[in-house]
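Peer 1: Dropping the sequence and predicted coords here.
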Amino acid sequence: MTADNQVTFQDRMLSLGLARVSEAAAIASSRLIGRGDEKAADAAATEAMRTQLNMLDIKGTVVIGEGERDEAPMLYIGEEVGTGKGEEVDIALDPLEGTTLTAKAMPNALTVVAMGPRYSMLHAPDVYMDKLAIGPGYPDGLVDLDMAPAERIRVFAEAKGCKSEDVTVCILERPRHQDMIAEVRETGASIRLITDGDVAGVMHCAQPDETGIDMYMGSGGAPEGVLAAAALKCMGGQIQGKLLFRNDDEVSRARSAGIEDLDAKYTRDDMIKADVLFSATGVTNGSILRGAHRVGKYLETETLLMRSRTGSVRRLCYKTQNF
């Protein structure tokens, strides 16, 4: 099956099942919030996500996962999931997007999973990706990775009908972004620095009225870029990404993943070529989702479940005593 053959992609039937996948991972990792053990939190989320995926009637292949087969004990790139009885699908996932955030009980940790028809997702290697994202309602290609950060701010502010001082940019707080941060601040724009979780950072752009964030820029993991593109495919908005390579080994990994043009710029629809399902569940409280929390005898989670085909965005509240 090719990405163009979406007739058999039963996204409506699979959507609630996918929500259970991210919910299970969030419930499992919630036990480790604030415990200071990143590996344990990630392992708990991964095992729960894998178990739920294997309950779905799909022939799933993990294309964005926890690493290469020899380096990851489960949910590795290329792993087959599901009962094997259903249709062929691509799976992109991050069982715990924000392991440090969870371990330190900091905001915006999520469990994230996306699903689309087989061969519909960019098989991004585990390297850095330069990213630039804005929300919906703007002309295609309004801002571009080839623009300097200050130019991006100027062009965006003009399109929004505001001053540069009224624009807020989300950037991952890393030493490699010091020059970018300085240039953005020189424009007068505000910066929301985040310590981890750039999938959530990109998603913030799609709901600027709620989050106060207009734009995301900076480099982070390429797999997270594909997950962010899946979210924006459902929520609306634009993202560009370009792979960054630090050594020959990373170039080799990209070529092994089928990447031929190492200098390519990928748009949202280059990374996600067909309709997609996306589910994210809050682990710790954040700007988009409330984290897992106790309500009496229950543990309550909040999930954002989205379908790009219909543009539907659902918020699901789930309570369980089994935690």
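Peer 2: Okay, I see it.
Peer 1: so where does residue 154 fall, helix or strand?
Peer 2: Counting by DSSP states H and E, the element that carries residue 154 is helix 149-160.
Peer 1: do the same with residue 136
Peer 2: Residue 136 belongs to no helix or strand, assigned by DSSP H and E.
Peer 1: same deal with the one 3 residues further on?
Peer 2: Assessed by DSSP H and E, residue 139 sits outside every helix and strand.
Peer 1: Tell me which stretches of the stretch 1-150 of the chain form strands.
Peer 2: Listed in chain order, the strands of the stretch 1-150 of the chain (DSSP state E, counting those that start in this stretch) span 58-64, 80-81, 87-97, 110-117, 128-134.
Peer 1: do the same with the stretch 201-323 of the chain
Peer 2: So, for the stretch 201-323 of the chain - with DSSP E, counting those that start in this stretch - the strands run 215-221, 238-244, 265-267, 277-282, 293-295, 298-307, 312-320.
Peer 1: what comes up buried for the second one?
Peer 2: Within strand 238-244, the residues that qualify as buried by neighbour count (16 or more other CB atoms under 10 Å) are 238, 239, 240, 241, 242, 243. All C-beta atoms are positioned from the backbone trio N, CA, C, and that covers glycine.
Peer 1: now do the first one
Peer 2: Burial within strand 215-221, assessed by neighbour count using 16+ other CB under 10 Å, is assigned to 215, 216, 217, 218, 219, 220, 221.
Peer 1: Also the last one?
Peer 2: For strand 312-320, the buried set under the neighbour-count rule, 16+ other CB under 10 Å, comprises 316, 318.
Peer 1: If you count contacts, what does it end up packed against?
Peer 2: On a contact count with 3 or more CB pairs under 8 Å, 6 or more residues apart in numbering; DSSP states H and E, strand 312-320 meets helix 11-30, strand 298-307.
Peer 1: for the ones you listed, which one sits closest to residue 136?
Peer 2: With CB to CB, the closest approach to residue 136 among those belongs to strand 298-307: 13.0 Å.
Peer 1: Now for residue 10, how many residues are close by?
Peer 2: Residues near residue 10, counting by other CB atoms under 10 Å, number 13.
Peer 1: wait, I meant residue 256
Peer 2: Residues near residue 256, counting by other CB under 10 Å, number 11.
Peer 1: ok, now which ones touch it?
Peer 2: Contacts here follow CB atoms under 8 Å, 6 or more residues apart in numbering; on that basis residue 256 touches residue 125.
Peer 1: now do residue 177
Peer 2: Residues near residue 177 by CB under 8 Å, 6+ apart: 171, 218, 219.
Peer 1: Please report how far it lies from residue 217.
Peer 2: 9 Å (CB to CB, to the nearest Å).
Peer 1: shared neighbours of the two, which are they?
Peer 2: Taking CB under 8 Å, 6+ apart as the criterion, residue 177 and residue 217 both touch residue 171.
Peer 1: Run through the residues that contact residue 195.
Peer 2: Residue 195 is in contact with 100, 101, 106, 172, 173, counting by CB under 8 Å, 6+ apart.
Peer 1: which two from the residues you listed end up farthest apart in space?
Peer 2: Longest span within the contacts of residue 195, CB to CB: 106 and 172, 13.8 Å.
Peer 1: list residues touching both of the two?
Peer 2: 195, 196.
Peer 1: number of nearby residues for the residue nearest to residue 287 when sequence neighbours are not counted?
Peer 2: What sits nearest to residue 287 in space, not counting adjacent residues and going by CB to CB, 6 or more residues apart in numbering, is residue 211, at 4.7 Å. Applying other CB under 10 Å, we find 20 other residues in the vicinity of residue 211.
Peer 1: contacting residues for residue 211?
Peer 2: With CB under 8 Å, 6+ apart, residue 211 has these contacts: 204, 205, 287, 288.
Peer 1: most neighbours, which of the residues you listed?
Peer 2: The most crowded member of those, judged by other CB under 10 Å, is residue 205 (29 neighbours).
Peer 1: And the closest residue to that one other than its chain neighbours, its phi and psi?
Peer 2: What sits nearest to residue 205 in space, not counting adjacent residues and going by CB to CB, 6+ apart, is residue 135, at 4.5 Å. For residue 135, the backbone dihedrals (degrees, to the nearest 10) come out as phi -80, psi -170.
Peer 1: Would you mind measuring from the closest residue to residue 123 other than its chain neighbours to residue 285?
Peer 2: Closest residue in space to residue 123, ignoring its immediate chain neighbours: residue 257 at 4.6 Å, by CB to CB, 6+ apart. Computed as CB to CB, the residue 257 to residue 285 distance reads 35 Å.
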